[in-house]
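[1] curious how this folds, go ahead:
(one chain, ligands or ions: 2)
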Amino acid sequence: MQITPNGHVPILSPRPKINPEDKRNILGLSRSELKEALLEIGVPEKQANMRTKQIWGWIYHHGVADFDRMLNVSKTVRQQLADHFIIKRPDIVEAQYSTDGTRKYLIRFADGNEAEAVYIPEDDRGTLCISSQVGCTLNCKFCHTGTMRLVRNLTAAEIVAQLMIARDDLEEWDNPTEGRRVTNIVMMGMGEPLYNFDEVKKALDIVMDGEGIQLSRRRITLSTSGVVPHMERCGREIGVNLAVSLHAVRDEIRSEIMPINKKYNLADVLNACANYPGAHNARRITFEYVMLKDINDSDEDAYELVRLMRKYKLPAKINLIPFNPWPGVDYECSSKARIKRFSDIVFREGISAPVRTPRGRDIMAACGQLKSASEKKSKAQMLREQTESNFKTEFHATGL
Ligand code: SAH
Ligand code: SF4
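    Numbers count the residues shown, from 1 in each chain. Ligands and ions are numbered 1, 2, ... in the order given. This next block holds a predicted model:
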């Protein structure tokens, strides 16, 4: 990949590619859907399980996108596959590399919508931050993504593809699980993952599959702003680590900065955390707490935070996130000394409260800075485009 001096890598076509033969993209199908798709194109029933396993391994263990490279699949079946299917990742529109090693990918999906994924290398791990939606319905006041209206949920294929794109870029297909560069994933990119539960679950099932990418559920963390009705399901059905965006310890403040608190307040959220399946001391819940100057950063706030953790008997780890600014925002980050003091109070009371080092700020890749150019179209605009496209179809159909 070529990188310009400012770290920007303009890549590939400026417009979404259209698949001219309209073949089905099999990336992101579950195992059973893949088997079904193979039967549909005429792969014999008695071969179907074996072929599913082979193709799955090629796609998700070896990272192959070309049927000709699937050497243990017979030539006849390879031809059948190539006649009907493609394995296609979305396009990377731009990759930006921060001076601290963080990499941000702007990804464009087949319909032209865009989302971002961020790779963050650390000494002992490499974490990929993945988006679950284009935009977000929840307008947290301190979050850049929150200023976008929700454009749409991402599909499982689009969620898995973000990891595949990062693994392509980091050249780490075929590797054993040791020595990998992407060792962890966090569902902390754009969007609220629990408002796209089914597709997120399907994507994570693919990522965790033992014959594919093989990422352990212990290395996956899902962050929610506190969508209470889906939290228990997340633990039971997906089983990943939970992170909760707490950000305030009093309902008035939390409702002001996170409007979802009016629907599910602090007590609701903390009760749901206390009942999270699999939460215990060895597997603590992470509470994210963004440090906003004069809003939520006083000594009293720190003591109240400790009191709440105790009251609900939560096996907790507090992640203090220095607020990352973005153009047009009204908040400021608390001072270094204030953050340190807040952290010390919580720590002295026996709860771990590390301060998260901001990563990739120079390329706007840090927490809460993600935003793509995709905006929800107005009804009028959609109607206009629909009319134009109908007109074009008629135009072609009549051969004019
Ligand atoms: N929607 C989910 C996950 C994505 S946000 C959620 O809200 O939990 C990932 C984390 O970054 C959340 O804790 C979020 O509150 C935090 N965040 C948002 N904007 C931020 C900003 N400007 N600075 C620091 N953290 C921010
Ligand atoms: Fe959405 Fe999370 Fe940003 Fe809130 S913090 S607007 S829930 S992405």
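[2] how does this protein divide into domains?
    The chain breaks down into these domains under automatic domain parsing: 20-86, 91-375.
[3] ok, Asp362 - how many residues close by?
    Neighbour count of Asp362, defined by other C-beta atoms under 10 Å: 15. C-beta coordinates here come from the backbone N, C-alpha and C atoms, glycine included.
[4] count of neighbours near the nearest residue to it once chain neighbours are set aside?
    In space, and not counting its chain neighbours, Asp362 is closest to Ser98: 5.3 Å by C-beta to C-beta, 6 or more residues apart in numbering. Ser98 has 20 neighbours, counted by other C-beta under 10 Å.
[5] residues contacting Ser98?
    Ser98 makes contact with 7, 104, 359-363, 365, according to C-beta atoms under 8 Å, 6 or more residues apart in numbering.
[6] from those residues, which two are the most distant?
    The span of those, defined through C-beta to C-beta, is set by Gly7 and Arg359 at 14.0 Å.
[7] more neighbours: which of the two?
    For Gly7 versus Arg359, neighbours defined as other C-beta under 10 Å are more numerous around Arg359 (22 against 15).
[8] how close does Leu170 sit to Glu40?
    34 Å (C-beta to C-beta, to the nearest Å).
[9] so between the two, which is more surrounded?
    Leu170 (17 against 10).
[10] isn't the more buried one right next to Met164, touching?
    No: when contacts are counted by C-beta atoms under 8 Å, Leu170 is not listed as touching Met164 (10.9 Å).
[11] helix/strand/coil for Gln369?
    Three-state call for Gln369 (DSSP: H, G, I helix; E, B strand; the rest coil): coil.
[12] show me the contacts for it.
    Shown in contact with Gln369 (C-beta under 8 Å, 6+ apart): 144, 324, 326, 361.
[13] so which of these are in helices?
    If you go by DSSP state H, the contacts of Gln369 have nothing in helices.
[14] lowest-confidence one in those?
    By pLDDT, Arg361 ranks lowest within the contacts of Gln369, coming in at 82.
[15] quick check: the nearest residue to that residue once chain neighbours are set aside vs Thr147, distance?
    In space, and not counting its chain neighbours, Arg361 is closest to Asn324: 6.2 Å by C-beta to C-beta, 6+ apart. In this view, Asn324 and Thr147 are 14 Å apart by C-beta to C-beta.
[16] which one of these two has more residues nearby?
    The residue with more neighbours, out of Asn324 and Thr147, is Asn324; 21 against 16, by other C-beta under 10 Å.
[17] let me see the contact set for that one.
    Asn324 is in contact with 333, 358, 361, 366-369, counting by C-beta under 8 Å, 6+ apart.
[18] so what pLDDT did the closest residue to Ile257 other than its chain neighbours get?
    Nearest residue to Ile257 in three dimensions, chain neighbours excluded: Lys141, at 4.9 Å (C-beta to C-beta, 6+ apart). Listed pLDDT for Lys141 reads 95.
[19] name the SS class of Lys141, please.
    coil.
[20] for Trp56, same thing?
    Under three-state DSSP, the three-state class of Trp56 is helix.
[21] which ones among the contacts of Gln369 also lie next to ligand 1?
    For ligand 1, the contacts drawn from these by C-beta under 6 Å from any ligand atom are Asn324.
[22] so where do the strands sit in the chain?
    Using DSSP state E, the strands of the chain run over residues 8-10, 24-25, 85-86, 91-97, 103-108, 114-121, 126-129, 133-134, 152-153, 184-187, 220-224, 241-245, 285-291, 316-322.
[23] now those as a markdown table including mean neighbour count, mean pLDDT and distance to ligand 2?
    A markdown table is the format used below for these (neighbours: other C-beta atoms under 10 Å; pLDDT from 0 to 100; distance: least, C-beta to the nearest ligand atom, whole Å):
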| stretch | mean neighbour count | mean pLDDT | distance to ligand 2 |
| --- | --- | --- | --- |
| strand 8-10 | 14 | 44 | 24 |
| strand 24-25 | 14 | 96 | 27 |
| strand 85-86 | 18 | 96 | 31 |
| strand 91-97 | 20 | 94 | 20 |
| strand 103-108 | 22 | 95 | 16 |
| strand 114-121 | 24 | 94 | 11 |
| strand 126-129 | 23 | 96 | 11 |
| strand 133-134 | 26 | 94 | 8 |
| strand 152-153 | 18 | 96 | 13 |
| strand 184-187 | 23 | 97 | 10 |
| strand 220-224 | 21 | 97 | 7 |
| strand 241-245 | 23 | 97 | 6 |
| strand 285-291 | 24 | 97 | 9 |
| strand 316-322 | 21 | 96 | 11 |
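[24] a markdown table please, covering those and showing distance to Pro354.
    Formatted as a markdown table, those follow (distance: least, C-beta to C-beta, whole Å):
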| stretch | distance to Pro354 |
| --- | --- |
| strand 8-10 | 32 |
| strand 24-25 | 41 |
| strand 85-86 | 44 |
| strand 91-97 | 26 |
| strand 103-108 | 23 |
| strand 114-121 | 15 |
| strand 126-129 | 15 |
| strand 133-134 | 28 |
| strand 152-153 | 32 |
| strand 184-187 | 15 |
| strand 220-224 | 15 |
| strand 241-245 | 13 |
| strand 285-291 | 10 |
| strand 316-322 | 7 |
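[25] next up, phi/psi of the closest residue to ligand 1 within the chain, please.
    Closest residue of the chain to ligand 1, C-beta to the nearest ligand atom: Gly368 (1.8 Å). Per-residue torsions, Gly368: phi 80, psi 0 (degrees, to the nearest 10).
[26] run a quick neighbour tally on it.
    Using other C-beta under 10 Å, the number of residues around Gly368 comes to 22.
[27] give the contact list for the closest residue to Leu242 other than its chain neighbours.
    In space, and not counting its chain neighbours, Leu242 is closest to Ile285: 5.1 Å by C-beta to C-beta, 6+ apart. Residues in contact with Ile285 (C-beta under 8 Å, 6+ apart) are 241-244, 273, 276, 279, 314-317.
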